[in-house]
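Participant: Provided below are the primary sequence and the corresponding predicted coordinates.
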Amino acid sequence: MELIFVHGALVRDGQWWWQPTADLLQERTGIRSRSVALPSCGETTPDEISGGLAADAAALRRELDGVDSAIVVGHSYGGTVIAEAGHHDAVEHLLYVSSYLPDAGASQGAIMSGESDPVSIGDNGDGTLSVTGYDAASFGARFLQDADEETQLSAWSRVTAQSAGAFMTPTSAAGWTGVDSTYIVCGNDNSTSVELQRLHAERATRSVEVPTGHHPFITRPDLVVDQLEALLQR
């Protein structure tokens, strides 16, 4: 069993985001973690960026092709990547963290359009989008208010542009259907509303609410590993 982490939108270096939980998970269970490099965030080759959601889903499928069994964790946009990747025999469990379980035909942009206080995102004019109007302090306050300043600064340094296709392309599959899953609702999330989280959590096999911001795998890895251990016991 391995764990594959799919990070959220408009950032890079998924392994950095997941590392606090990866370390604790390996200590407590022996399970190793890896993070998917998302082409739409410029983490592979420049020519793959324009592939958007489809390229990200293909990257996840390639990771799954290399393992016998896996827990896949989707954070935020990562859940939409899981949906588009479709069903794969290696997937044993899914864990969603402040994420999405979209039906086929839904796009990331459409999912986010219902938010009353959406994250400010601007068009770069080159086929990519970026967060706009934030600096290190305001980004930290919105996405990592429960982390220390050093962590917030490190997170800000990993903010990046992302293909518009990651947001505008409707999903063609719903890879979460028929798979055992747990949804972690982040009760103090300043980024994704609790209401939207709960809406998608209803589609998971089960859900739990934790008193954290948008990135509990950084600020409260113990709570995330608790849920992963519960999945393993099932």
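Facilitator: Done, it's in.
Participant: which pLDDT value belongs to the residue of the chain positioned farthest from its centre?
Facilitator: In the chain, the residue that sits farthest from the middle, by CA atoms, centre = their mean, is residue 125; the gap is 25.2 Å. pLDDT recorded at residue 125 is 97.
Participant: residue contacts, the residue nearest the centre of the chain?
Facilitator: In the chain, the residue lying closest to the centroid (CA atoms, centre = their mean) is residue 75, at 2.0 Å. Residue 75 makes contacts with 5-8, 17, 96-99, 215, 217, as judged by CB atoms under 8 Å, 6 or more residues apart in numbering. In short, each C-beta sits where N, CA and C put it, glycine included.
Participant: nearest to residue 61 among those?
Facilitator: residue 6 (11.4 Å; CB to CB).
Participant: wait, that closest one sits on residue 76?
Facilitator: No - using CB atoms under 8 Å, residue 6 makes no contact with residue 76, being 9.3 Å away.
Participant: what bridges to the residue nearest to the centre of the chain?
Facilitator: With DSSP bridges as the criterion, residue 75 is bridged to residue 97.
Participant: now it: how far from residue 186?
Facilitator: Residue 75 sits 10 Å away from residue 186, going by CB to CB, to the nearest Å.
Participant: swap in residue 194?
Facilitator: 8 Å.
Participant: higher neighbour count, these two?
Facilitator: residue 186 (27 against 15; other CB atoms under 10 Å).
Participant: so what's the closest residue to the more buried one other than its chain neighbours up against?
Facilitator: Excluding the flanking residues, the one nearest residue 186 by CB to CB, 6 or more residues apart in numbering is residue 98, at 4.5 Å. Neighbouring residues of residue 98 by CB under 8 Å, 6+ apart: 75-76, 184-186, 189, 191-192, 197, 214.
Participant: gap between the residue farthest from the centre of the chain and residue 161?
Facilitator: When distance is defined by CB to CB, residue 125 is 11 Å away from residue 161.
Participant: and if you look at residue 93?
Facilitator: For residue 93, the distance to residue 161 - CB to CB - is 32 Å.
Participant: more neighbours: which of these two?
Facilitator: residue 93 (22 against 19).
Participant: which SS state does the more buried one fall under?
Facilitator: Secondary structure, DSSP: H, G, I helix; E, B strand; the rest coil: residue 93 is strand.
Participant: max pairwise distance over the contacts of residue 98: which two?
Facilitator: 184 and 191 (14.0 Å).
Participant: what residues of stretch 192-205 count as buried?
Facilitator: 192-193, 196-197, 200-201, 203-204 (16 or more other CB atoms under 10 Å).
Participant: tell me which of those fall in helices.
Facilitator: Among these, the residues falling in helices (DSSP state H) are 196-197, 200-201.
Participant: adding pLDDT, write the residues you listed out as CSV.
Facilitator: Output for those, formatted as CSV (pLDDT from 0 to 100):
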residue, pLDDT
196, 98
197, 98
200, 98
201, 98
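Participant: make a markdown table out of those residues and add distance to residue 149.
Facilitator: Below are these laid out as a markdown table (distance: CB to CB, whole Å):
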| residue | distance to residue 149 |
| --- | --- |
| 196 | 28 |
| 197 | 26 |
| 200 | 31 |
| 201 | 31 |
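Participant: nearest to residue 157, out of these: which one, please.
Facilitator: Within those, proximity to residue 157 (CB to CB) peaks at residue 197, which comes in at 26.6 Å.
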